[in-house]
Every structure is written in C-alpha cells, then in structure tokens.
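Asker: have a look; sequence and predicted model below, questions after that.
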Amino acid sequence: TLFRSLLDGGGCCRYSEDGDNMEPAAQDWLRWDRNPKTLEIVKRLVDNGNTEELQVAFGSRMEFGTAGLRAAMGAGTSRMNDLTIIQTTQGFCRYLEKNFDSLKKRGVVIGYDARAHPESGGSSKRFARLAAAVFISQGVSVYLFSNITPTPFVPYAVSHLNLCAGIMVTASHNPKQDNGYKVYWENGAQIISPHDKGIAEAIDANLEPWPKVWDEDLIDSSPLLQDPYSSINKDYFEDLQTYCFHRGLNKESKLKFVHTSVHGVGHEFVQSAFKAFDFEPPLAVAEQKDPDPEFPTVKYPNPEEGKGVLTLSFDLANKEGARIILANDPDADRLAVAEKQESGEWKVFSGNELGAILGWWLFTCWKQQNPDPGAIKDVYMLSSTVSSKILRAIALKEGFHFEETLTGFKWMGNRANQLIDQGKTVLFAFEEAIGYMCCPFVLDKDGVSAAAITAELAAFLDTKNVTLNQQLNTIYKEYGYHITKASYFICYNPVTIKSLFDDLRNYDGKNCYPKSCGRFEVSGVRDLTTGYDSSQPDKKAILPTSKSSQMITFTFANGGVATMRTSGTEPKIKYYAELCVPPGNSDFNQLKSELNDLVDMIEEHFFQPVKNNLRAKIGRA
C-alpha cells in the first residue's frame, strides 16, 4: 500500500497499487454507476482522453482497513462516492453473512454526519441510505438513523440493541472534501484484524452492483427498516445519568461554559448531556452551532489544532464571562477543553493533560462509591502506547491496573470489552488525540459524555476554588510530572518514509538502532513494525506488531520516551515525546526545557527534515 494525496491538502487514504487496471476499472464504472454527476465526470474524462485525471480516479482502489475507508469524495475507485459505497457495503454484507447466521434477524445500524459534496452529488446521508439499500436488498434488518448523529451513538446502538455490526459514515475532523466509512463489530468496538482483510476480500469479490441496490425507494417502503433515533437518544442519556455524581451541585453551579460543535453534529447532543447532568445549557457559538459541510469559519475543522479553531469560542466566552470552553470535532467523538487563567490568557489542554484530569476524577468518584478496599483489584484504565504514561503512575500509587494498547480506540475498545467480559471494571481509556472513553457503555471515544463529565468535574473543583489547571498541577505533584510534546512532519513520498525508518534500524551499523540522540543516551528501543523490543529477555515485543505501518519507540536514560510513527489516514510522520519523573522533582520549567531539547535533537538527528524533504506542521512549537 502507499499514501497518495487526492487533492492539494486534501484527504489521504491507503491505496492498492493497481494502476494497470485503470482502463477496465473506468469501463466497469461507465456500466455500473447510476449517479448522474459522477457518471458525467467519468464520461467527460474518457471522451477527452484525460489520462492524468483518469489515473488519479482509477489508478488505485481505496483499500479497506481497520479504520474502514477515508478519502476525498468524487468520481472513481480511489474516492468516496455512491458506487464505491455500494461496493464496500456489498462486501461487508457478504462477510457478515459468513460470520453470523442471525444477521437477517439481528441486523445492523447505520449513522451519518452532515458532510456533503455537491460537485459529485455525494453526502453522508446519501451514502448511509445506499448502504441501507444494500442490506435491505438481501433481507437484512437495518436500523438507519433518520437524522445526523454523533459517531459514538453507532457503537452504543450496536451494543444496546445486540446488533451484528454498525456503520458510521463520517470523515470526523478531516478537510471538507473528505468522507469515510467506519465499521463496528457485534461487541460495539471498531473492527480489528483479521476482519479488515476478510471484508476487503469480500468487497473485491462483489464489485458489480446487485439488483435493487440503487433503489432508494426500496428502503422507505421496507418493513426491514427501523429508525432508532428517538429510542437511542432517550436510552443513551438515561445511561449517561449513572455517571453523574454531583447532581445537586450541578444544579446550583454558577460556572459558565461555552460549547462549539465546529459546524458538526454535536450541538443538540451536548445540550442534552448537560440537561442529563442538571446543568444550565452551555452557551453555544452561534456561527458554528449548526451543521455546515463547508466548515466556513475554520481552516481545519479539528479542535486538536488548538487556538485557531477556538477563536470564536474565546470571543463568546470573554463577552459572556465564561471560564471553560468545550469543543467537539464535527462527529462529536473528540473533545477539546480550554480554561481562562487568572492572567486572562486561555490555556488549551492537550489530550494528555485532560486525560490525566479525567482519569484522576473518574478514579476519585469510583473510590467514593466503592469504599471496599478489595474492589480495586478488578479496576482497569487504558491508554494508547503513544499517550502519556500518567495513568500508569496513578495506578501504581493507587493500586488499580493500567494497560497500554496499540494506537487507536479500536484496540482500547476491544481490550475493554475483553476485560468487561471477565467481570472487570474499566473506568477510563484515552488517547492523546483528544479521545476519551469515560463511560464503557460506548466502547469508543465519546466527546458527548466527556463534555458532561468535564463540566461536572470543573463545577466540583469550582466549589473548592480550584481551577482545572491547578488540579492538573496537583496531580503532577502527587504522581510525578509527565510533560509531553507531540507534532508531525508531512511527507507524501512513501519511499522516503520507509527509508527514514530503515535508516533508524541501521543507524549505528547494520541492524543497529541509535545508541544516542545528540546528548541524550538511548536506553531502550521497541519497534512494533519488526517486533523487536530491547527491554524483553527474548527481545520480542509484547504488543501486537504490524509490518504495514511504521512505529518505533525510544526510551532515554533521562526518563524521556519518544515514539515515531506513520499515520493510517494522513500523509504524516508523527512523533510523541514525554518526560516522566517521579514525585518530588517539581522544577517544571527545567523539565520543560529538557523535553524541548530532546525533541529538537529527535527532529534534527532522527527525522533529518532537510535530507528527507519533510514539511513541518505550521506553528508546531
């Protein structure tokens, strides 16, 4: 597979290199496509002999992975459109039939966000309806949401209604021209291998559209179609109420919150979450409250990018005297939080910082509900291997279990499910990319529940005259400072990416990883691409390995840890660095300076951006 940019700055996806199949693929397209807009685009390309554009559209096919699909909307096999959605769903349907005798009866759930691409006639809603038509044409029950929903409602519905699978049509926080197709298994977690390979093979075996799948009227008149919108809305917020621990305090709280859904789906649902916790509704950023597929007020609809996305939120909060800002990404599965400091400056918490505060809070609430000291032996928290190790430090001191997984909530969701099946309590899971699982009735990141729980935590601290940032520092003083820094370089050339990681594996001679990075001594190396781990007696990594993605973690003698990895959905090489020190070492500025020096050395010696022609993230400092 390789990474290929579809449009300048646009969506990227993983592709199979099958450029030789461009011509037959285009011919098949002309026979099979019934969307007048994409059909006309391809006819025009063929008539004009535009081989360059045809190569972009048909030189590759989107490859179905554990993250499903994500690419730009438009014509051709390399893009998200009516035909590729039908083909993907046909393959998924056949794969499910093979795995579940009960598929027709139990059925699947399908949700969607508000994305749309007028030029190609594609939209999340249309893609969801076509997916529903595929299943209904095969006699499978379909729970199709009648309106936009947050992504976490799909895994919730899978578990809650005991369905075989779920599909969410969304590209989350990607640029506006992108869309995606995310898949959940019967356990309510995202799929992991080998399901991705099995589904990909089934897609390739079912490319020609089946009879009736283009017939949207089929689903409206079918007794197999059900709308779970009202019941799931009701049941989700009822379940959420069990995670409200200070209802009386919430009712009385004078703390003001601003919320933005960044032109996505989150507004209505976060309002409902606040209501479920007996809060006054948060102040909504009017310009960003309603869904808008153009995302007109932001360059990137990703709250992870920080202050640039929150400009309008700061303006509203300053005007209304609100101290806390809650920001969801467009499909409301992530949450960013900002707090006004005494200086008047706004602090945007990193995913790791908010993970520390939420982890501390959920453990504190659990402890109050469970005074029996023996109960802690069955309590777990999880985080991904590139996230802060702060939960490990809290777990060591408090006595609960901490586990790390590979990157992504598919791993944390599946591991949480295993633990719950064993009778364990999973209190919390998080990843540094502002993803939090605060309530295990959703086995995925959930920005709706996280917003309400963060609000309660902030309101509780406010009664003690403590801010979120002050509490974060208290956590660090008690459990040890964990200072993190993460960023990325952009690289569109897969050969360069492979070469960069191969150079690291042969840095000090053949098969010899770096022994130092500038003035910093390397004390350990774990390579989850090759399966090597210097810290294990047999030198074999414990976490699962994957040859299809690059990921190396370096441990340093000064307590630093740094992971370099490729992105599964974007042309980025990411890095995550953390300095972990035991309690008592509280010179924050000195520690921060040390981490900055380490990151500078990693960029200079390990990334070698000039030699490798890498483009740095804008404003990464």
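Answerer: The structure has been received and is ready for your questions. Numbers count the residues shown, from 1 in each chain.
Asker: assign the closest residue to residue 247 other than its chain neighbours to helix, strand or coil.
Answerer: Closest residue to residue 247 apart from its sequence neighbours, by CB to CB, 6 or more residues apart in numbering: residue 278 at 5.0 Å. C-beta coordinates here come from the backbone N, C-alpha and C atoms, glycine included. Assigned by DSSP: H, G, I helix; E, B strand; the rest coil, the conformation of residue 278 is coil.
Asker: does residue 278 touch residue 251 like I think?
Answerer: Yes - with contact defined as CB atoms under 8 Å, residue 278 reaches residue 251; the gap is 4.8 Å.
Asker: so between the two, which is more surrounded?
Answerer: residue 278 (17 against 12; other CB atoms under 10 Å).
Asker: can you show me the strands along the stretch 401-550 of the chain?
Answerer: 401-405, 425-431, 435-437, 482-490, 516-517, 520-527, 532-533 (DSSP state E, counting those that start in this stretch).
Asker: got the contact list for the first one?
Answerer: It refers to strand 401-405. The set of residues external to strand 401-405 that reach it, using CB atoms under 8 Å, 6 or more residues apart in numbering, is 379-385, 387, 389, 391-392, 394-396, 411-412, 415, 424, 543.
Asker: now it against strand 425-431, angle please.
Answerer: With axes from the mean of the first three to the mean of the last three CA atoms, to 10 degrees defining the directions, strand 401-405 sits at 40 degrees from strand 425-431.
Asker: flag every buried residue along strand 401-405.
Answerer: Neighbour-count burial for strand 401-405, with 16 or more other CB atoms under 10 Å as criterion, is recorded at 401-405.
Asker: cool, the longest one as well?
Answerer: By neighbour count with 16+ other CB under 10 Å, strand 482-490 contains the buried residues 482-490.
Asker: now do it: distance to the chain's middle.
Answerer: The chain centroid and the centroid of strand 482-490 are separated by 17 Å under CA atoms, centre = their mean, to the nearest Å.
Asker: counting by contacts, list what that strand packs against.
Answerer: Secondary-structure packing of strand 482-490 (3 or more CB pairs under 8 Å, 6 or more residues apart in numbering; DSSP states H and E): helix 351-369, strand 572-580, helix 588-601, strand 615-616.
Asker: which of those is buried the deepest?
Answerer: strand 572-580 (a mean of 22; mean count of other CB atoms under 10 Å).
Asker: could you list the low-pLDDT ranges of the chain?
Answerer: Low-confidence segments of the chain (pLDDT under 70): 1-21, 618-621.
Asker: hey, where'd the strands end up in the stretch 201-350 of the chain?
Answerer: Under DSSP E, counting those that start in this stretch, the stretch 201-350 of the chain gives strands at 225-226, 257-260, 283-284, 324-328, 335-340, 346-348.
Asker: residue 28: which of the ones you listed is closest?
Answerer: Closest approach to residue 28 among the strands of the stretch 201-350 of the chain is made by strand 225-226 (29.4 Å; CB to CB).
Asker: list the contacts of the closest one.
Answerer: 132, 136, 141-144, 219.
Asker: quick one: distance of it to the chain centre.
Answerer: 28 Å.
Asker: could you tell me how many residues sit around the spatially closest residue to residue 215 that is not a sequence neighbour?
Answerer: For residue 215, ignoring the flanking residues on the chain, the nearest one in space by CB to CB, 6+ apart is residue 133 at 6.3 Å. For residue 133, the count of nearby residues is 25 (other CB under 10 Å).
Asker: swap in residue 445?
Answerer: Neighbourhood size, residue 445 [other CB under 10 Å]: 28.
Asker: contacts only, for it.
Answerer: Residue 445 touches 152, 333-334, 409, 430-431, 435-437, counting by CB under 8 Å, 6+ apart.
Asker: hmm, try it at 6 Å
Answerer: 333, 409, 435-437 (CB atoms under 6 Å, 6 or more residues apart in numbering).
Asker: ditto for residue 125
Answerer: Applying CB under 6 Å, 6+ apart, the residues near residue 125 are residue 112.
Asker: distance check, it against residue 131.
Answerer: Relative to residue 131, residue 125 is positioned 11 Å away (CB to CB, to the nearest Å).
Asker: just residue 563 next, same as before
Answerer: Taking CB to CB, one finds residue 563 at 35 Å from residue 131.
Asker: on that earlier part again, quick check: the residue nearest to residue 247 touching residue 245?
Answerer: No - counting by CB atoms under 6 Å, residue 278 sits too far from residue 245 to count as a contact (11.7 Å).
Asker: in which helix or strand does the residue nearest to residue 215 reside?
Answerer: helix 124-137 (DSSP states H and E).
Asker: first vs last residue of stretch 71-81, how far apart are they?
Answerer: Using CA to CA, to the nearest Å, the end-to-end distance of stretch 71-81 comes to 10 Å.
Asker: before we move on, the earlier item: so which of the contacts of residue 445 wins on neighbours?
Answerer: Going by other CB under 10 Å, residue 333 tops the contacts of residue 445 with 33 neighbours.
Asker: return the closest of the buried residues of strand 482-490 with respect to residue 583.
Answerer: residue 482 (11.1 Å).
Asker: roughly how far does the closest one sit from residue 360?
Answerer: 12 Å.
Asker: residue contacts, the residue nearest to residue 247?
Answerer: 247, 250-251.
Asker: same list, those, but as TSV with distance to residue 350 please.
Answerer: Converted to TSV, the contacts of residue 278 look like this (distance: CB to CB, whole Å):
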residue	distance to residue 350
247	30
250	26
251	31
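Asker: go through those residues and flag which are in helices.
Answerer: Among those, the ones falling in helices (DSSP state H) are 247, 250-251.
Asker: one step back: make JSON lines from the buried residues of strand 482-490 and add distance to residue 474 to it.
Answerer: Output for the buried residues of strand 482-490, formatted as JSON lines (distance: CB to CB, whole Å):
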{"residue": "482", "distance to residue 474": "13"}
{"residue": "483", "distance to residue 474": "15"}
{"residue": "484", "distance to residue 474": "18"}
{"residue": "485", "distance to residue 474": "22"}
{"residue": "486", "distance to residue 474": "23"}
{"residue": "487", "distance to residue 474": "28"}
{"residue": "488", "distance to residue 474": "31"}
{"residue": "489", "distance to residue 474": "35"}
{"residue": "490", "distance to residue 474": "38"}
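Asker: so which of these comes closest to residue 511?
Answerer: Set against residue 511, the nearest of the buried residues of strand 482-490 by CB to CB is residue 489 (25.1 Å).
Asker: so where do the helices sit in the stretch 151-300 of the chain?
Answerer: Secondary structure of the stretch 151-300 of the chain by DSSP state H, counting those that start in this stretch: the helices cover 153-160, 195-204, 216-220, 229-240, 247-252, 266-276, 286-289.
Asker: deepest in the core, which of those is it.
Answerer: helix 153-160 (a mean of 27).
Asker: who are the packing partners of that helix?
Answerer: strand 108-112, strand 165-169, helix 229-240 (3 or more CB pairs under 6 Å, 6 or more residues apart in numbering; DSSP states H and E).
Asker: now with 10 Å?
Answerer: Secondary-structure packing of helix 153-160 (3 or more CB pairs under 10 Å, 6 or more residues apart in numbering; DSSP states H and E): strand 108-112, strand 142-144, strand 165-169, strand 178-184, helix 229-240, helix 409-421, helix 447-463.
Asker: for these, which one sits closest to residue 264?
Answerer: Smallest distance to residue 264 across these (CB to CB): 9.6 Å, for helix 447-463.
Asker: and the angle from the closest one to helix 351-369?
Answerer: Using the same axes, to 10 degrees: helix 447-463 against helix 351-369 is 70 degrees.
Asker: restricted to strands, list the contacts of strand 401-405.
Answerer: Under the assignment DSSP state E, the contacts of strand 401-405 contribute 379-384 to strands.
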